[in-house]
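Novice: Whatever this is, show me its structure:
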Amino acid sequence: MPKRKEKDYFCTVVSEDVKIALKVKPSLSRKPRHELFVQCNQVECQYVDQNQSPCPLRLDLFAEEIEKREERRRDRRMESSY
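Specialist: Here you go, the predicted model:
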């Protein structure tokens, strides 16, 4: 699997450029979920990993990557159904 891509992003909360990446939230349930969120490299930020206002990080910043993941998932399902 390819390494997750990071993007440069100007965060208005910390008023500086940060690195952001699309991540999958860990699931403690028996059935794995693929809930996505955007993570930045500013661990001291009080909004880190929340993606809630006033944090400006949103999934649509990675819309293209999410669509590619969905396409790959659909392709795998189609291959396994044959």
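
Novice: how about Val18, secondary structure?
Specialist: Using DSSP: H, G, I helix; E, B strand; the rest coil, the three-state assignment for Val18 comes out as strand.

Novice: List the contacts of it.
Specialist: By CB atoms under 8 Å, 6 or more residues apart in numbering, Val18 lies in contact with Asp8, Tyr9, Phe10, Cys11, Cys40, Asn41, Gln42. (Each C-beta comes from the backbone N, C-alpha and C, glycine too.)

Novice: Could you do Glu65 as well?
Specialist: Glu65 touches Lys5, Leu22, counting by CB under 8 Å, 6+ apart.

Novice: Surely it is in a helix?
Specialist: Yes - under three-state DSSP, Glu65 sits within a helix.

Novice: Checking Gln42 next. Helix, strand or coil?
Specialist: Relying on three-state DSSP, one would call Gln42 coil.

Novice: Help me confirm that it comes into contact with Val14.
Specialist: Yes - contact criterion CB atoms under 8 Å: Gln42 and Val14 qualify, at 5.6 Å.

Novice: hmm, back to that, would TSV of the contacts of Val18 with pLDDT be doable?
Specialist: Compiled in TSV, those are given as follows (pLDDT from 0 to 100):
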residue	pLDDT
Asp8	96
Tyr9	97
Phe10	97
Cys11	94
Cys40	94
Asn41	94
Gln42	92
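
Novice: got a winner among those residues for most neighbours?
Specialist: Cys40 (23 neighbours; other CB atoms under 10 Å).

Novice: so that one bridges to which residues?
Specialist: Note on Cys40: beta-bridge partners Ile20, judged by DSSP bridges.

Novice: That one: what's it in contact with?
Specialist: Counting by CB under 8 Å, 6+ apart, Cys40 touches Tyr9, Cys11, Val18, Lys19, Ile20, Val48, Leu57.
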